[in-house]
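A.B. asks: Next input, structure requested:
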Amino acid sequence: MQKIQSVSSFKNEAGSSRQQKDCLLVETPLQIIVNGEDLSLTMQTPGDERNLVRGLLHSEGISSEGFESFSVEEWEKGLVARAKIKTQGKIEGRRFGSSPSCGICGKRNVENLFTKLDPLEDNFLIDHEFLQVAFAKSAKEQLLFSLTGGSHAAAAFAEDGSILCLFEDIGRHNAVDKVVGFLLENNLLMQAKLLTVSGRVSFEIIQKCNRAGIPVLASISAPSSLAVEWAENLNMTLAAFCREDRVTFYSSLERAREVV
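C.D. replies: Numbering: from 1, shown residues only. Alright, predicted model coming up:
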């Protein structure tokens, strides 16, 4: 299934109109079935479903182990991913799906949101220049955004500033899950020290970053109040509004060289 679709459109500019072809990011439903149980229905950009499901299972605290089996099937209205994993308990699904802007939607109770979250102990130091270089590298890798302007991006970086992976998706939570899944699949999770995201930082992104054990999270956009609160609670360094000429640090400032 393609990630980009070409459509006809009419553009009005400076008082004149013209017909043109536009590239749009594809959005399609992905039904995720684990051990025969419906786990979730999410709206995503096709591709990298194995990484997405692996990352989602890790972020949900269901499993950090690899798949016993995994397959993706195309159906009339979207995709179905089927995974088999080793687990002691029953897979608890969501009552309804998640949208591109909300991966938490459909969880059954509030208590589940805050479980299995532990403060991160890491001596990694960050500064504005490191973030500048990281976001510049990320921008160069965002092919889908350059063609459509419609994708979110998430990327993981090692302590030396090298980029470990980058994924784009119509949903920012999907992009993060694809990053985490790739790191797990390739035994790179322990090397990841920085996660960058292109959209706003919600509690959900903090949760995913924490469960991946990544101590620093940076975004070009704004954080929510709950994201800042829990970043501090979990000893995670949160940087937002990252631009060439400025950055705002919100939590665990001991990792920020300009502050300490």
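
A.B. asks: Not counting the host helix or strand of residue 32 itself, show me its contacts.
C.D. replies: Here residue 32 sits within strand 28-34, counting by DSSP states H and E. Applying Cβ atoms under 8 Å, 6 or more residues apart in numbering, the contact partners of strand 28-34 are 1, 38-46, 49, 52-53, 56-57, 62, 77-85, 91, 97. C-beta: built from backbone N, CA, C; applies to glycine.

A.B. asks: burial count for residue 87?
C.D. replies: 13 (other Cβ atoms under 10 Å).

A.B. asks: That one contacts residue 64, correct?
C.D. replies: No: the pair residue 87 and residue 64 fails to qualify as a contact (Cβ atoms under 8 Å) at a distance of 10.8 Å.

A.B. asks: For burial, what's the neighbour tally of residue 176?
C.D. replies: Neighbour count of residue 176, defined by other Cβ under 10 Å: 33.

A.B. asks: The host helix or strand of it vs strand 28-34, what angle?
C.D. replies: Secondary structure here is read from DSSP H and E; on that basis residue 176 sits in helix 172-185. What separates the directions of helix 172-185 and strand 28-34 is an angle of 50 degrees, with axes from the mean of the first three to the mean of the last three Cα atoms, to 10 degrees.

A.B. asks: What ranges does the stretch 1-150 of the chain have for its helices?
C.D. replies: Taking DSSP state H, counting those that start in this stretch as the criterion, the stretch 1-150 of the chain contains helices spanning 49-59, 128-141, 143-148.

A.B. asks: Nearest to residue 158, out of these?
C.D. replies: Each of the helices of the stretch 1-150 of the chain has some distance to residue 158 by Cβ to Cβ; the shortest is helix 128-141, at 10.4 Å.

A.B. asks: tell me which residues in that closest one are buried?
C.D. replies: By neighbour count with 16 or more other Cβ atoms under 10 Å, helix 128-141 contains the buried residues 128, 130, 131, 134, 135, 137, 138, 141.

A.B. asks: Dump those residues to a markdown table, plus distance to residue 208.
C.D. replies: As requested, the buried residues of helix 128-141 are exported to a markdown table (distance: Cβ to Cβ, whole Å):
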| residue | distance to residue 208 |
| --- | --- |
| 128 | 24 |
| 130 | 21 |
| 131 | 19 |
| 134 | 18 |
| 135 | 19 |
| 137 | 21 |
| 138 | 17 |
| 141 | 20 |
